[in-house]
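Undergrad: 3D, please:
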Amino acid sequence: MRILLLSLSISLFLSMNASAASKSCPELKTQAVGKHHKCITLAQRGGRKGTERRLERCDWRLERNIQNAEKSFGCDGVLGAEEIDDVVNTFSDSIIEAASGRTGVPEIVATECDLDQVDLLDFEAWRREEGFWIGEYSFFGADGEVNQSTSWPYKYHPYKGFIRIEIDGPNLAQRNIFTYPPQDPSLCTGEEGDVKGSGTCGEHGNENIWVANQSASNCKGSLDGPFPTAYGVTDTYTTVIGEDTVHYKVVYSPNNPPPFGAMFGGKIMQNQLTTLTPNGVRIRTAQGIDLATGLPSYSSYYRETRVTEEEFWEALDAARAEYNILESDHCAWDGVTKGPSGTTCEEHFE
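TA: Reported below is the predicted structural model:
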């Protein structure tokens, strides 16, 4: 408990009352390190389940905050360990002296909300989002025609999706299964790549799974988090716009290996708008942007309904039967890589 209180106090000390405009780059970097220290402490207290993901997120936020400091204030290099130690040790000594009664507790004024104390369910939009969803989807290429994928040889209009959104305080976890009808028999060539798994082209459909996690980025309901793609890691940002609208943006991360991080870092890859009605209907449209050209690369149109957990599994079973999906393909394919997922449906929804 004493270590936790000290960690929280250090984090608050490193964000003492001062306007952002008056802070130097080293000060902002010191504040970022303080937040990282607190983030790690709380992540390790959250129980064994999900600890690795929470720690990865702490590291991701530290990198982002350091980059923002350098971008905004034009400083180079990484804050030295000696400078960080000086700040931490000074404040640690103040806390110890205050605890012994020799001095008063140092005055601390936090300039930002405590993200770990955010409850997303305080926001109507997230109360509408949480739960089980089933939907019908359409995915189109840059030319506006139904998408034809060389890595996923199944129909993209219409196909069906099954999404569970769990909210725990400041954290949102989304788990998807998308089911696809068999390919148009006229497009089956008999060559390798016609199907995934042991099915038959034109006869068997298939499914793939997706994982997305975000956490609160402010006290206004906004979220952010990293998301891996076939092209590298992206940074995702979600903004609540009132009770019935959510905006989701995907940006290519500058942390990707060279030369791509330097070439495309910060460029937008996708914009998505979500409308949430009070009666459990969700409508989403997304626009994809080509990183190299800045031109449209795809668009999507999703129509979804919130259901009970029992209805969710019944509808998934019905879709698998309708699309003739083999049991060996259930949750067997990763939506990002289109390769083996290496997991089971039970593990996917843990």
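Undergrad: same question for the helix or strand hosting Thr305, mean pLDDT?
TA: When secondary structure is defined by DSSP states H and E, Thr305 falls within strand 296-307. Strand 296-307 shows a mean pLDDT of 98.
Undergrad: Name the nearest residue to Val240, ignoring sequence neighbours.
TA: Once flanking residues are discounted, Val240 sits nearest to Gly221: 3.8 Å by Cβ to Cβ, 6 or more residues apart in numbering. (Each C-beta comes from the backbone N, C-alpha and C, glycine too.)
Undergrad: Correction: the previous question concerned Thr343.
TA: That would be Cys331: by Cβ to Cβ, 6+ apart, it lies 6.5 Å from Thr343.
Undergrad: go on, Asp290?
TA: Leaving aside its sequence neighbours, Asp290 sits nearest to Ser297 (Cβ to Cβ, 6+ apart; 4.4 Å).
Undergrad: quick one: buried residues of the strand holding Thr305?
TA: Ser297, Tyr298, Ser299, Ser300, Tyr302, Glu304, Arg306, Val307 (16 or more other Cβ atoms under 10 Å).
Undergrad: Note down every partner strand of it and its orientation.
TA: strand 131-141 (antiparallel), strand 281-289 (antiparallel) (DSSP bridges).
Undergrad: one step back: report the separation between the residue nearest to Val240 and Arg61.
TA: 18 Å (Cβ to Cβ, to the nearest Å).
Undergrad: ok, back up a step: okay if I get the buried residues of strand 296-307 as JSON lines plus distance to Phe132?
TA: As requested, the buried residues of strand 296-307 are exported to JSON lines (distance: Cβ to Cβ, whole Å):
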{"residue": "Ser297", "distance to Phe132": "30"}
{"residue": "Tyr298", "distance to Phe132": "26"}
{"residue": "Ser299", "distance to Phe132": "26"}
{"residue": "Ser300", "distance to Phe132": "20"}
{"residue": "Tyr302", "distance to Phe132": "15"}
{"residue": "Glu304", "distance to Phe132": "10"}
{"residue": "Arg306", "distance to Phe132": "7"}
{"residue": "Val307", "distance to Phe132": "5"}
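Undergrad: Going by distance to Cys113, which of those residues wins?
TA: Within the buried residues of strand 296-307, proximity to Cys113 (Cβ to Cβ) peaks at Arg306, which comes in at 29.0 Å.
Undergrad: Next up, the contacts around the closest one.
TA: Each residue near Arg306 by Cβ atoms under 8 Å, 6 or more residues apart in numbering is listed here: Arg128, Gly131, Phe132, Trp133, Gly280, Val281, Arg282.
Undergrad: With Gly342 instead?
TA: Counted by Cβ under 8 Å, 6+ apart, Gly342 has contacts Asp334.
Undergrad: try Asn218
TA: Applying Cβ under 8 Å, 6+ apart, the residues near Asn218 are Cys113, Leu115.
Undergrad: Then Ser215?
TA: Here Ser215 is in contact with Arg57, Leu115, Pro170, Asn171, Leu172, Leu223, Asp224, Gly225 (criterion: Cβ under 8 Å, 6+ apart).
Undergrad: what's the closest non-adjacent residue to the last one?
TA: Nearest-residue entry for Gly225: Gln214, 3.8 Å, with adjacent residues in sequence omitted and distances by Cβ to Cβ, 6+ apart.
Undergrad: is it true that that neighbour touches Asp168?
TA: No - Gln214 is beyond contact range of Asp168, at 11.8 Å (criterion: Cβ atoms under 8 Å).
Undergrad: For these two, indicate the residue with more neighbours.
TA: A direct count of neighbours by other Cβ atoms under 10 Å for Gln214 and Asp168 places Gln214 higher, at 22 against 13.
Undergrad: Check for me that the more buried one belongs to a helix.
TA: No - Gln214 is assigned strand when assessed by DSSP: H, G, I helix; E, B strand; the rest coil, not a helix.
Undergrad: what about it, distance to Glu136?
TA: In terms of Cβ to Cβ, Gln214 sits 25 Å off from Glu136.
Undergrad: ditto for Cys219
TA: For Cys219, the distance to Glu136 - Cβ to Cβ - is 35 Å.
Undergrad: element containing Ser198?
TA: Ser198 belongs to no helix or strand, assigned by DSSP H and E.
Undergrad: tell me the contacts of it?
TA: By Cβ under 8 Å, 6+ apart, the neighbours of Ser198 are Leu326, Ser328.
Undergrad: So Gly34, which state does it fall into?
TA: Reduced to three states by three-state DSSP, Gly34 is helix.
Undergrad: and it, how many neighbours?
TA: 23.
Undergrad: show me the contacts for Arg64.
TA: Asp235.
Undergrad: part of a strand, is it?
TA: No - counting by three-state DSSP, Arg64 falls outside a strand, being helix.
Undergrad: Distance of it relative to Tyr237?
TA: From Arg64 to Tyr237 the distance is 11 Å (Cβ to Cβ).
Undergrad: just Trp210 next, same as before
TA: Taken as Cβ to Cβ, the span from Trp210 to Tyr237 is 18 Å.
Undergrad: circling back to that earlier point, can you pull the contacts of the residue nearest to Val240?
TA: Per Cβ under 8 Å, 6+ apart, neighbours of Gly221: Leu120, Asp122, Phe123, Ala125, Trp126, Thr239, Val240.
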